[in-house]
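Colleague: coords please:
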Amino acid sequence: MKKYLIAMAAATAAGAALAQSSVTLFGVVDAAVTYTTGSGDGSAHKTQLTNSGNMFSRLGFRGTEDLGGGYSANFWMEMGLQNDSGQGFPSNSNNQASGNGTAGILSFNRRSTVSLAGPFGEVRLGRDYVPAFWNTAIFDPFGTGGGIGANQIYFSGLGGLVAPTGTRASNSVGYFLPANLGGFYGQVMYAMGENASNSVLPNTLVSNKHDGEHTGARFGYQSGGLNVALATGRTRYASGDLRVTNLGAAYTFDASLMNLKLTSELYKESKGSTDAKGALIGFHLPIGPGEIKASYARYKLEPANAALKPTSSKLAIGYVHNLSKRTALYATIARITNKNGASQALAGAITMPNRASSGTEFGMRHMF
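Modeller: Numbers count the residues shown, from 1 in each chain. Here you go, the predicted model:
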């Protein structure tokens, strides 16, 4: 009997330990055939097999350990994938152009964090999304996926995809408010450029000790069908600070009205002597096993002392058909128009200033 009780106690302890810790493998594989065109003399069109048309392709590992008393320790390691060619994406070590990694190498560029969570909220350390990115991702019906319907502000802007801290920041310390605040939520972040105190730009005496430092915050409120959030961020660069501020809002109507969701975003940014402004409106509309989504975005650059303000507008309409909870087929059409010298084009195409660019896309996405 004694041996039996000891064995039962050991089994119970082992079961409790297993229940208190978990590790999950997850990911997305997304591919699409994309055709984009430009217009005007010198324009070009392109047919390509792309990735991430509906959701960014990725591979990740995440885990949590229950510490008791409402506390937990967590980790999250996630890499981006170019599954059309079998390559990965580079990361960035210092939030500066000098820290960009080698393209094509698999790295945990999307997120690599360890955190402690509890009744106080969550403290998160590592490479993570900057607060201002969340509004762009959440309030655009197409999100920030790499497809032709993706957020024009994000892919064309001063502080978007091309900026070292347009999406994520390395060496960051972040704090998230707890979830039980009556619908209010928020986060703050500080990320380090990790320069020595006596660092100077090459061949100059100009200090760059703050180069790559990022500070950001986001606060919002969600209740019923309403979700609204204001976010801001600043990255200090030796070449001129990047400042981004955006306001996003969405309202989801009752399910009896087909769960229609209307979204909008206002966006302002500046870098050096150039300012930029953008706006977006859109909707999600579930139809049976699928969903129709559409957006209209407008983006304007405002260089100092320039007579013309290059302006581009983008209209995108898409349909996603869910074959299951994890697998979907999708199709998107989009068109960009330009004026005042702007020459924005859909991915792969080249269009002349003040002309248009159009595209179509058909793809498949699988989550696991």
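Colleague: can you show me the helices along the stretch 151-300 of the chain?
Modeller: Using DSSP state H, counting those that start in this stretch, the helices found in the stretch 151-300 of the chain span residues 152-156.
Colleague: point out where it drops to low pLDDT.
Modeller: 255-258 (pLDDT under 70).
Colleague: any residues touching stretch 359-368, and which ones?
Modeller: 25-37, 50, 53-55, 147-149, 326-335, 346-347, 349 (CB atoms under 8 Å, 6 or more residues apart in numbering). Every residue, glycine included, has its C-beta placed from N, CA and C.
Colleague: if you look at those, which of them are in strands?
Modeller: 25-37, 50, 327-335 (DSSP state E).
Colleague: among the residues you listed, which ones are buried?
Modeller: Buried by 16 or more other CB atoms under 10 Å: 27-32, 34-37, 50, 328-335, out of those.
Colleague: beta partners of residue 100?
Modeller: Beta bridges link residue 100 to residue 92, judged by DSSP bridges.
Colleague: might one say that it is in contact with residue 164?
Modeller: Yes - under the criterion of CB atoms under 8 Å, residue 100 makes contact with residue 164 at 7.3 Å.
Colleague: mind listing the shared neighbours of those two?
Modeller: residue 92.
Colleague: between the two, which one's more packed in?
Modeller: residue 164 (23 against 13; other CB atoms under 10 Å).
Colleague: may I have the phi/psi pair for that one?
Modeller: When read as degrees, to the nearest 10, the backbone of residue 164 gives phi -60, psi -30.
Colleague: so it sits right up against residue 211, yeah?
Modeller: No - counting by CB under 8 Å, residue 164 does not reach residue 211; the two are 10.2 Å apart.
Colleague: mind listing the shared neighbours of these two?
Modeller: In contact with both residue 164 and residue 211: residue 96, using CB under 8 Å, 6+ apart.
Colleague: pull the contacting residues for residue 38.
Modeller: Contacts for residue 38 were tallied using CB under 8 Å, 6+ apart; they are 44-45, 345, 349-352, 355, 357.
Colleague: kindly report the same for residue 282.
Modeller: 140-142, 262-264, 293-296.
Colleague: ok, residue 126 - contacts?
Modeller: Contacts of residue 126 by CB under 8 Å, 6+ apart are 111-114, 170, 172.
Colleague: try it again at 10 Å.
Modeller: 75-77, 108, 111-115, 168-174, 191 (CB atoms under 10 Å, 6 or more residues apart in numbering).
Colleague: drop anything exposed from those.
Modeller: 76-77, 108, 111-113, 115, 168-172, 174, 191.
Colleague: which helices and strands does the helix or strand harbouring residue 22 pack with?
Modeller: Element membership for residue 22 (DSSP states H and E) is strand 21-37. Where contact means 3 or more CB pairs under 10 Å, 6 or more residues apart in numbering; DSSP states H and E, strand 21-37 is packed against strand 46-51, strand 58-68, strand 71-82, strand 327-339, strand 356-367.
Colleague: can I get these in a markdown table with distance to residue 303 and mean pLDDT?
Modeller: Below are those laid out as a markdown table (distance: least, CB to CB, whole Å; pLDDT from 0 to 100):
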| stretch | distance to residue 303 | mean pLDDT |
| --- | --- | --- |
| strand 46-51 | 29 | 97 |
| strand 58-68 | 36 | 98 |
| strand 71-82 | 32 | 98 |
| strand 327-339 | 15 | 97 |
| strand 356-367 | 22 | 98 |
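Colleague: distance to residue 269 added to the ones you listed, as JSON lines?
Modeller: Formatted as JSON lines, the helices and strands packed on strand 21-37 follow (distance: least, CB to CB, whole Å):
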{"stretch": "strand 46-51", "distance to residue 269": "27"}
{"stretch": "strand 58-68", "distance to residue 269": "26"}
{"stretch": "strand 71-82", "distance to residue 269": "23"}
{"stretch": "strand 327-339", "distance to residue 269": "19"}
{"stretch": "strand 356-367", "distance to residue 269": "22"}
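Colleague: any weak-confidence spans in the stretch 1-150 of the chain?
Modeller: Within the stretch 1-150 of the chain, the ranges that satisfy pLDDT under 70 run 1-20.
Colleague: hmm, 50 instead?
Modeller: 1-19 (pLDDT under 50).
Colleague: and the nearest residue to residue 82 once chain neighbours are set aside, how far is that from residue 93?
Modeller: Distances taken as CB to CB, 6 or more residues apart in numbering put residue 51 closest to residue 82, at 5.2 Å, once the chain neighbours are dropped. Going from residue 51 to residue 93 by CB to CB, to the nearest Å gives 24 Å.
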